[in-house]
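S.K.: mind looking at a prediction? Sequence and model below.
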There are 2 protein chains.
Amino acid sequence: MKEGPDIARIAALIGDPARANMLTALMSGKALTATELAAEAGVTVQTASSHLSKLDQGGLLAPRKQGRHKYFAIANADVAGVLEGLMGLAAMNGHTRTRTGPKNAALRHARVCYNHLAGDMGIQLYDAMLAQGLLQEFSDEPQLTPQGAAFATDFGIDLTALTRAKAPLCKACLDWSARRTHLAGSLGRALLTQFENLGWAQRDRSTRIVTFTPAGETAFQARFSV
Amino acid sequence: MKEGPDIARIAALIGDPARANMLTALMSGKALTATELAAEAGVTVQTASSHLSKLDQGGLLAPRKQGRHKYFAIANADVAGVLEGLMGLAAMNGHTRTRTGPKNAALRHARVCYNHLAGDMGIQLYDAMLAQGLLQEFSDEPQLTPQGAAFATDFGIDLTALTRAKAPLCKACLDWSARRTHLAGSLGRALLTQFENLGWAQRDRSTRIVTFTPAGETAFQARFSV
DNA sequence: CGAATGCTTCGACTAAGATCGAAGTATGAA
DNA sequence: TTCATACTTCGATCTTAGTCGAAGCATTCG
């Protein structure tokens, strides 16, 4: 009955528990199949299928058919941003479905947040890069310094390829578990990939947890100490 | 049933049409009473009261009692950011409750987006400040240049007071009607206030429309031409 | 070609919650 | 005090949409 974009429709889309669980699972950045997402949300495949088609129609998901599988992923960075924002709001107001346990502790320690590293280690990475002068904050947004660029190249990251893309290189992302800033953007993404390539860490398929090997943990600590 | 913040609860909060209308109305930055919001949403006061208490409990609103009135406002910038993000998503997918008409045209031309200027004129302001070297973009986030600081002071804005506050001075905000960037942050806010103080423009109480006087329009065009 | 797997459609059931009338509380004015 | 205004609470009704069983396509494999 009013003017303006129909914010209610897509908010309601995210507002269903089953759909929210699916979206949260997809925030790992990985594409998942309908059956996997059904398990993730705790519903049957029929129900999941109905939900997924609605999310797709709402433009929140980008489905991709591959043989008899259908993979779903978050549609774009805008959607991911809104979801992270909602997580922040929910965390701020204590509306967390607290299930404290080892799983949750691992999540708080190191996890994937739409393709970049979050959790305690994500925060440490960000703080260390600031302290070492690799990053600098301009009005709350991080900016890569010349030293930072040299470091990135030395670390095996192709900066020219990243800057060619339209996505911003550095972006601040607010962590919902600790309410602290960590590094997003294409550089944050490239760093996590590089951690994996170096054998320092490994992403878990569906839980968003990032597991560092003992050697990887020490190498990380040596390189990114505050 | 899952770990993580309960994103569904607050998304569902925004997802009800009546509540979404209230929130959209409050995006003007002005505080409104329960009765005004009831009219805005097209429901009775009883219903509105129920909705408002839920929004309050969810931490999305900041109510303030004043005599026998109760004023509601958006709780904080985080909430406003999520709402703008949702508007962007909705607009992107064509989920607009299109009611094209003079009212909508005025909205597209100049409107308030959580206290700063948006619409065509907001975009023009941003582009002109970039072209004149008052702003510069670092990784998609605007930054005030020394010339920009001089201009702001000359324009009657107390920059030292703004920088003292914790809120970022400059921030990019994506317009949902045109998908273009305009200036948010405390500077964007101060500029709109200054436009009002100079008698260039006037905000409408409930529609978010910003009306420029003929003199104000020409003064604006003279100062902020690309 | 079956057989098996992954996903979608259909239809019926159910539960959550939005809505409003009516009555109740609080503040301000006469 | 009495009336009026602003808001909240209660209770009943009713619509919406989430859910799953069953059946139907589509794709791959033996």
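M.R.: Nice, I can see it.

S.K.: tell me which helix or strand A:Tyr71 sits in.
M.R.: Secondary structure assigned from DSSP states H and E places A:Tyr71 in strand A:69-74.

S.K.: so, low pLDDT: which residues of chain A?
M.R.: Residues of chain A meeting the criterion pLDDT under 70: A:1-5, A:93-107, A:114, A:138-141, A:164-168, A:172-181, A:204-208.

S.K.: which residue does it bring closest to DNA strand D?
M.R.: A:Gly67 (3.3 Å; CB to the nearest atom of the strand). Backbone N, C-alpha and C define where each C-beta goes, glycine included.

S.K.: burial of that residue, as a residue count?
M.R.: By other CB atoms under 10 Å in any protein chain shown, 5 other residues sit near A:Gly67.

S.K.: could I get the phi/psi values of it?
M.R.: Per-residue torsions, A:Gly67: phi 70, psi -130 (degrees, to the nearest 10).

S.K.: is any residue of the helix ranked longest in chain A near chain B?
M.R.: As assigned by DSSP state H, the longest helix anywhere in chain A is helix A:77-92. Yes: Helix A:77-92 is in contact with chain B by CB under 8 Å from any CB of the partner chain, via A:78-79, A:81-83, A:85-92.

S.K.: out of the residues you listed, which is most surrounded?
M.R.: Within those, neighbour counts (other CB under 10 Å) peak at A:Leu86, which reaches 29 neighbours.

S.K.: that residue contacts B:Arg9, doesn't it?
M.R.: No: A:Leu86 is beyond contact range of B:Arg9, at 9.7 Å (criterion: CB atoms under 8 Å).

S.K.: show me chain A divided up by domain.
M.R.: By the assignment in automatic domain parsing, chain A contains the domains A:7-75, A:98-223.

S.K.: distance to B:Ala161 for those domains - can I get that in CSV?
M.R.: As requested, these are exported to CSV (distance: least, CB to CB, whole Å):
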stretch, distance to B:Ala161
domain A:7-75, 33
domain A:98-223, 16
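
S.K.: so for DNA strand C, which of these sits nearest?
M.R.: Nearest of the domains of chain A (CB to the nearest atom of the strand): domain A:7-75, 3.2 Å.

S.K.: and the closest one, end to end?
M.R.: The first residue of domain A:7-75 is 17 Å away from its last residue (CA to CA, to the nearest Å).

S.K.: does any bit of it sit next to chain B?
M.R.: Yes: counting by CB under 8 Å from any CB, chain B has neighbours in domain A:7-75: A:7-17, A:19-21, A:23-25, A:40, A:42, A:58-60.

S.K.: anything in that domain near DNA strand C?
M.R.: Yes: counting by CB under 7 Å from any atom of the strand, DNA strand C has neighbours in domain A:7-75: A:Thr33, A:Ala34, A:Thr35, A:Val45, A:Gln46, A:Ser49, A:Ser50, A:Leu52, A:Ser53, A:Arg68, A:His69, A:Lys70.

S.K.: which of the residues you listed tops the neighbour count?
M.R.: Neighbour counts for the residues of domain A:7-75 next to DNA strand C, by other CB under 10 Å, peak at A:Leu52, which reaches 23 neighbours.

S.K.: helix or strand for that one, which one?
M.R.: Element membership of A:Leu52, judged by DSSP H and E, is helix A:45-57.

S.K.: pull the distance from the next helix or strand along the chain from that helix to the chain's centre.
M.R.: Downstream of helix A:45-57, the next assigned helix or strand under DSSP H and E is strand A:61-66. Centroid separation for strand A:61-66 versus its chain: 19 Å, with CA atoms, centre = their mean, to the nearest Å.

S.K.: how about strand A:61-66: buried residues?
M.R.: A:Leu61 (16 or more other CB atoms under 10 Å in any protein chain shown).

S.K.: so which elements touch it?
M.R.: Using 3 or more CB pairs under 8 Å, 6 or more residues apart in numbering or on different chains; DSSP states H and E, the elements in contact with strand A:61-66 are helix A:45-57, strand A:69-74.

S.K.: follow-up on the earlier one: return the distance of the strand holding A:Tyr71 from the chain's centre.
M.R.: Counting by CA atoms, centre = their mean, strand A:69-74 is centred 17 Å from the centre of its parent chain.

S.K.: and the longest helix of chain A, what other elements does it pack with?
M.R.: Helix A:77-92 is packed against helix A:7-15, helix A:17-26, strand A:171-174, helix B:7-15, helix B:77-92, with contacts defined by 3+ CB pairs under 8 Å, 6+ apart.

S.K.: what's the closest non-adjacent residue to A:Ala73?
M.R.: A:Ala31 (4.1 Å; CB to CB, 6 or more residues apart in numbering or on different chains).

S.K.: next, give phi and psi for that neighbour.
M.R.: Here is the backbone geometry of A:Ala31 (degrees, to the nearest 10): phi -90, psi 140.

S.K.: for it, list the residues it contacts.
M.R.: For A:Ala31, the contacting residues are A:Arg64, A:Tyr71, A:Phe72, A:Ala73, by CB atoms under 8 Å, 6 or more residues apart in numbering or on different chains.
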